[in-house]
Structures are given as structure tokens and as C-alpha cells.
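S.K.: Can you look at this prediction? I've put the sequence above it.
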Amino acid sequence: MDNFVFQNHTRIYFGKGVVAEYLAKLLAPYGKNVLLAYGGGSIKRTGVYDAVTAELRAAGKTVFDFPGIMANPTKAKVDEGIRLVKEKNIDFILAVGGGSAIDCAKAIAIGSRYEGDWWNDFWLNQGSIDFQQLPLGVVLTISGTGSEFDGGGVITNTETNIKTGRIYPELSPDFSLLDPDYTLTVPERQVRATAFDTMSHLMEFYFCKPDTDNVSDDLLEALLRAQIRNFRSSMKDLKNYDARSNIEWISSLALCGIMGLAKQPDFDCHNLEHQIGAFTDCIHGEGLAVITPAYYRWLMPHAVDRFVRFAVNVWGLAPQGDDRALAAAGVEALADFIRSVGLPTTLQQLGVKDMAEVDRIARSVQTGPGSYKKCTAADVEAIFRACWE
Ligand code: NZQ
Ligand code: ZN
């Protein structure tokens, strides 16, 4: 294996009843003023808000609500949170929700302790945190992004139509409480989208160099098989606790850092999707479902052996002597799966208006260095056009 350094400082508390059991104790070392960051109100409807605030009161904290964090959180919302943190002398942020609430909290944690332009210096460009950011913890209510167990945060600037994510190890939450029961109220459409988001994270670490024997690849295949199995079970019965708890933990594992060790990941499915989100505000996992088969059809000829391995070890297809055909069959098995669980398959379904908009979105994408093959601007345009209908 290639060299690596690994650290993830987040403590995970997983299972039924973890909020009542641990939250008040976990809050003890932090200051009195807590910013409670959450979304559009699901936590009030489900009772999670009452459960969490009861623990905050038990811990003697003064709570300042910061509601209304939208899916695909915006720079403007982060700025609003930064102002509130400064005005109320906040000591700690507790994000209650999913990727959107957590990512917004992460950006506030940096922006409220930084005098310069946080968007330009930490999101538009990769910065380095040489100051103490505000500490944060998480109560997770929807799984999929892995934001509860990583230092990543994705923010949308609606003025410039740029949605971009950065990873800062310092932003890994101090603790994350994962009670799978809290996720059982998530609507079916979101369960589908977020379960596919996790599959995408796993595939992005899988479809990349190097091809030398690396246990990360074996782990990724095992997690992909488990995710597909539990995804199917969840679609049959959304309240299946075993399936939904597995999905939640696989999501956390996917981005905790271990899966990418000694690999050179290719995050371009995400880079392409983020710009669809910036223009259409689509659900992140649905955007990925549309882009992913087209992206891997494009990549497959440059990594036939890896796609053969995917076809055999993830989808259970039988070797047939023609590697190229087997590799292609693996990608089509993925596309069939996406259709079978009812995810969208075209840009039109995501709300992209016409071909002119397809091209505008394509031109706004900044791809990464790639791994098997660099995706050029012309490749991006062709991939987007292939997803139109
Ligand atoms: O806003 P509320 O009312 O809370 O409703 C939310 C929201 O509408 C609802 N929901 C959440 N928990 C629920 C629930 N409804 C009923 N019962 C519950 N228990 O679900 C909707 C989606 O929530 P959101 O937090 O937006 O979803 P998700 O966790 O998928 O986060 C998406 C954001 O994370 C970014 C995405 O790009 C997107 O902006 N990502 C973050 C990553 C990271 N930090 O590492 C990596 C990912 O690849 C991703 O890009
Ligand atoms: Zn994602």
C-alpha cells in the first residue's frame, strides 16, 4: 500500500436512545451559550427538537435557535449564522439534522472566528485553519452525506451559481449522536436519494488508482454490496430498523477517511452534480443518480479491469471471456439498479429547462485532476448532453 496518515477525531454514539443517554454529559465541557442549528422544521414535527432541548436544559445551557437551514445551504444563510454567533457570544454549535444543517454549522464555525472573507478564503479556495474555530457536535436525523463523521462542508453561493465543498479535518464534529430511530420519519424520496449519495461516495473511492492490492478496495466492495442489499430492503419497508441502521452506519463509514486511504479518489461525479444543484436546487442524491451512469460509461474504457472487478465482485456478474463487455455490463447493472429503486435518470427530471441550460451548467463545472482519466470540458459537455433525456 502507498503511505498514508489517518486521524478522525469525531466520537460516534450509535443506537437507540443515545441522545438521552449521552448528550447532556457530552455538552458539559463547553461554554454556556449553544447555537441550535436546524432545518425547515422536521425536527419539530418528529419530536427530536423537544428531546434535544430537554437535554440542553438538563446540561444548564442557554439555547439560541438557528432554524431554516435549507437543503443545499447558502452562503447567505451562513452569514446570518455568523452574525448570530457574534451577537450572542455563542460557545458551541449543535447541528440537528443532515448534511445541510451540519455543513452550514461547519461554515459558521470557521466564519465566526475569522476576520477575513470566509467564502473566498475557505470555500472558493482551499485555506488552512490557523485559528481555533468554534467547536460543534451533531444529532443526526437523516443519513447519506457522512458529514457527521468528516470535515467536509458543501455551500452554495446563489449570487454566482457556485456550489462547492471543502474538507478541513479540523471541522470534524467533536461528537455525533446517531439514533437510527430518528431517521425512520425521513420521506421515501429522501431515503432513496441519500442512500444513493452513499453509494456514490463509495464508488468515488473505488473507481480510482492505484490498482495494486489495497484492502480499501475490498472494504469498498463489501460496503457497496451491503448498501445495495439494505437499500432494497428499505424500499420494501421504510421502517425496517435493521436495514435503515445499516444504511446509516455505511453512510458514516463511507466518508470517515478510512475508505480513501492510499487511494487517489476521483470526485468528479460530485463536481458535476454540485453544479446541477447550484442551477436547479435539485436533491443532491438525485443529481448523482442522473450523472453517475453516464460518467462511468465515459470512464470505463480507461479502466476496464477495475470495472470488470466491479461487475463481478459488486453485482455478481459471471466472467464471460470478453472483459470490455463485462465491464460495460457492470455499469448497466448500476443503471438498472438506479431505475429499479425509482431514482430519476434524466436532467429534465431534475428541472433543467433546455439544452442551452445543459450547456450553461456544463461550462460552470470545475473538474478535479481525475484518477484514471482527466475529465475535460468537452467530456463534461458530452456527459451532460447524454443525460438530457
Ligand atoms: O429541513 P428539514 O425540515 O429538517 O427537512 C429535511 C430536508 O427537507 C428532511 N429531513 C431530515 N431529517 C428528517 C427529515 N424529514 C423527516 N424526518 C427526518 N428525520 O430531509 C431533507 C433533506 O435534508 P438535508 O440535510 O438537506 O439532506 P442531506 O443530509 O442529504 O444533505 C444534503 C447536503 O449535504 C451536501 C449536499 O451537497 C447537500 O448540500 N453534502 C455534504 C457532504 C459532506 N459534508 O461531506 C458530502 C455530500 O456528498 C454532499 O455533497
Ligand atoms: Zn454526496
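M.R.: Right, received. Where do you want to start? Ligands and ions are numbered 1, 2, ... in the order given.
S.K.: So what touches stretch 346-357?
M.R.: By Cβ atoms under 8 Å, 6 or more residues apart in numbering, the surrounding residues in contact with stretch 346-357 are 276, 279-282, 286-287, 290, 344, 358, 361, 384-385, 387-389. C-betas here are computed from N, CA, C, even on glycine.
S.K.: Check those for burial and list the buried ones.
M.R.: 276, 279-282, 286-287, 290, 344, 358, 361, 384, 387 (16 or more other Cβ atoms under 10 Å).
S.K.: Taking the contacts of stretch 346-357, tell me the two that lie furthest apart.
M.R.: Asp281 and Arg385 (21.5 Å; Cβ to Cβ).
S.K.: where does Tyr372 land in three-state SS?
M.R.: coil (DSSP: H, G, I helix; E, B strand; the rest coil).
S.K.: Chain neighbours aside, what residue packs nearest to it?
M.R.: Ala303 (4.2 Å; Cβ to Cβ, 6 or more residues apart in numbering).
S.K.: Quick one: end-to-end length of stretch 343-362, please.
M.R.: One end of stretch 343-362 sits 22 Å from the other (Cα to Cα, to the nearest Å).
S.K.: residue contacts, Asp50?
M.R.: So Asp50 contacts nothing (Cβ under 8 Å, 6+ apart).
S.K.: Unless I'm misreading it, Val96 sits right up against Tyr38, doesn't it?
M.R.: Yes: counting by Cβ atoms under 8 Å, Tyr38 is a contact partner of Val96 at 4.6 Å.
S.K.: Name the residues contacting each of these two.
M.R.: Residues touching both Val96 and Tyr38 (Cβ under 8 Å, 6+ apart): Tyr49.
S.K.: ok, so what distance separates Val138 from Ile167?
M.R.: Separation of Val138 from Ile167 (Cβ to Cβ, to the nearest Å): 16 Å.
S.K.: Can you pick out the residue with more neighbours from those two?
M.R.: Neighbour count, other Cβ atoms under 10 Å: between Val138 and Ile167, Val138 has more, with 28 against 14.
S.K.: Now do the contacts for that one.
M.R.: 94-96, 102, 105, 147-148, 173, 175-177.
S.K.: and which of the residues you listed is nearest to ligand 1?
M.R.: Ser147 (3.3 Å; Cβ to the nearest ligand atom).
S.K.: Look up how far Ala335 lies from the closest one.
M.R.: In terms of Cβ to Cβ, Ser147 sits 27 Å off from Ala335.
S.K.: So which of those two has more stuff around it?
M.R.: Ser147 (31 against 16).
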